[in-house]
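Q: This is a predicted model, with the sequence first.
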Amino acid sequence: MERLDILNFKKHAINGEYVFVTEDKMKIRQWRSSPESIIQESALVNSTETLYHEFDSQSGQIKITGKRFYGFPVGEWKQFSKDGSLLKSWNEDRNYDFNVEQLVAKVKELGFNLKISSPGVWVSRTRNGLPFYYVTYPVSAKSPYVVYKVKIDGKTGKILSQEEIKTRN
């Protein structure tokens, strides 16, 4: 079962946080979120996909694992007991028949790669009620303060609305 090297974290952490980049360009950020937990997020540099791990701050034992896309949880998440056995798992995409990979492909047709962090590009989705994605991206590089906001059905992938928004005058 996965463990965090607590001694290494304590050795390198400054104000409860340790950030480093591995040789294969993986950015790792570890921080103490509470007296009981240390969070670790890891992602390739400039990636919008993040692996999330929560560890027990005393033993280093894994507590929760999952994946985030633009900060929101996606896919299968798991919670573990103190001895490392699986307590429960759940699917954060359960209401979304049109999944994140399909969303990435659809938005690529509009000229944006949602897997690479780009200025002015953002994705969010509803957590309750009807499943919708909201994608925001610049109209052009010459007009960074004018963006499109697109609403996409999380069941079908159909574009429901697209509006142009000025973020500054």
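A: Structure received. Residues are numbered from 1 along each chain as shown.
Q: in its sheet, what does the worst-scoring helix or strand of the chain on mean pLDDT sit against?
A: Within the chain, no helix or strand scores below strand 143-153, which has a mean of 87 by mean pLDDT, DSSP states H and E. Using DSSP bridges, strand 143-153 pairs in its sheet with strand 132-140 (antiparallel), strand 159-166 (antiparallel).
Q: Can you add mean neighbour count, mean pLDDT and distance to residue 63 and give these back as TSV?
A: Yep, even glycine has a C-beta here, placed from its N, CA and C like the rest. Formatted as TSV, the strands paired with strand 143-153 follow (neighbours: other Cβ atoms under 10 Å; pLDDT from 0 to 100; distance: least, Cβ to Cβ, whole Å):
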stretch	mean neighbour count	mean pLDDT	distance to residue 63
strand 132-140	17	90	29
strand 159-166	11	92	38
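Q: Report the buried residues of the host helix or strand of residue 63.
A: Assigned by DSSP states H and E, residue 63 belongs to strand 62-69. Of all the residues in strand 62-69, those buried under the rule 16 or more other Cβ atoms under 10 Å are 62, 63, 65, 66, 67, 68, 69.
Q: which among those gets closest to residue 141?
A: Comparing these against residue 141 with Cβ to Cβ places residue 69 closest, at 23.9 Å.
Q: tell me the contacts of that closest one?
A: The contact partners of residue 69, by Cβ atoms under 8 Å, 6 or more residues apart in numbering, come to 48, 49, 50, 100, 123.
Q: quick one: the spatially most central residue of the chain from residue 59, how far?
A: Geometric centre of the chain, nearest residue: residue 68, 2.5 Å, by Cα atoms, centre = their mean. Going from residue 68 to residue 59 by Cβ to Cβ, to the nearest Å gives 24 Å.
Q: do the same with residue 83
A: Note on residue 83: its distance to residue 59, by Cβ to Cβ, is 10 Å.
Q: Which residue ranges of this protein form strands?
A: For the chain, applying DSSP state E gives strands covering 17-21, 26-34, 37-44, 49-56, 62-69, 72-80, 86-91, 122-125, 132-140, 143-153, 159-166.
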